[in-house]
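Q: Fold the following, please.
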Amino acid sequence: MSYLTIYKAGSRPTQRANPEYFTGTVWMEPVIDAPGPARISAAKVMFEPGARTNWHTHPYGQTLQVLTGAGYVQVEGQDRLDILPGDTVWIPPHIKHWHGARADCVMVHLALQEKEGASAADWLEPVSDKDYAG
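A: Residues are numbered from 1 along each chain as shown. Just a heads-up that it's a prediction; the model follows:
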């Protein structure tokens, strides 16, 4: 009996992110969607220039680790913040926020969150151009 699951590189294809939840072109590469009782879900997410998430929340919060490029993250009612490679962002549970790439470059981040039931996010309205511009 094996207690490990190894997902070989390239065995799970990169997919275009659901356009209902993003503005612009976003690609997602699965990292893990662990079986219960674990709740962890993680993906490497590539935002083309200007691409961003909709406003959303997470039932148990979210951690972002910026791998390459440059982008933004914003909590509703607060200033938009710059994020760069090596930055780690913690967004607490149920906090309305968005994140995405700057208009002039790609951004790739690792997104880690826990699921409640089958869902790791509550997707809301698109981010306006005004909010994106800061």
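
Q: And the spatially most central residue of the chain, how far from P13?
A: The central residue of the chain, meaning the one whose C-alpha is nearest the mean C-alpha position (CA atoms, centre = their mean), is A111 at 4.6 Å. With the distance defined as CB to CB, to the nearest Å, A111 ends up 18 Å from P13. For glycine as for every other residue, the C-beta is placed from the backbone atoms N, C-alpha and C.

Q: And for Q74?
A: The separation that Q74 has from P13, given CB to CB, amounts to 30 Å.

Q: same thing with R52?
A: In this structure, R52 lies at 23 Å from P13, with CB to CB as the measure.

Q: One more: S119?
A: According to CB to CB, S119 stands 22 Å off from P13.

Q: for S2, same thing?
A: In this view, S2 and P13 are 24 Å apart by CB to CB.

Q: in this structure, which spans are helices?
A: When secondary structure is read from DSSP state H, the chain shows helices at 129-133.

Q: where in it is pLDDT low?
A: Within the chain, the stretches falling below the threshold (pLDDT under 70) are 1.

Q: thinking again about what came up before, who has more neighbours, S119 and P13?
A: More neighbours surround S119 than the other of S119 and P13, with 12 against 7 (other CB atoms under 10 Å).

Q: Show me what counts as buried in stretch 17-26.
A: 17, 22-26 (16 or more other CB atoms under 10 Å).

Q: Looking at these, point me to the pair that's furthest apart.
A: Distances among these were taken as CB to CB; the most separated pair is A17 and T23, at 10.6 Å.

Q: Pull the contacting residues for the residue nearest to the centre of the chain.
A: 42-45, 62-64 (CB atoms under 8 Å, 6 or more residues apart in numbering).

Q: does it have beta-bridge partners, and which?
A: A111 has these beta-bridge partners by DSSP bridges: A43, L64.

Q: And it, how far from V73?
A: Between A111 and V73 the computed distance is 11 Å (CB to CB).

Q: what do you get for T88?
A: 11 Å.

Q: Fine, thanks again, bye for now.
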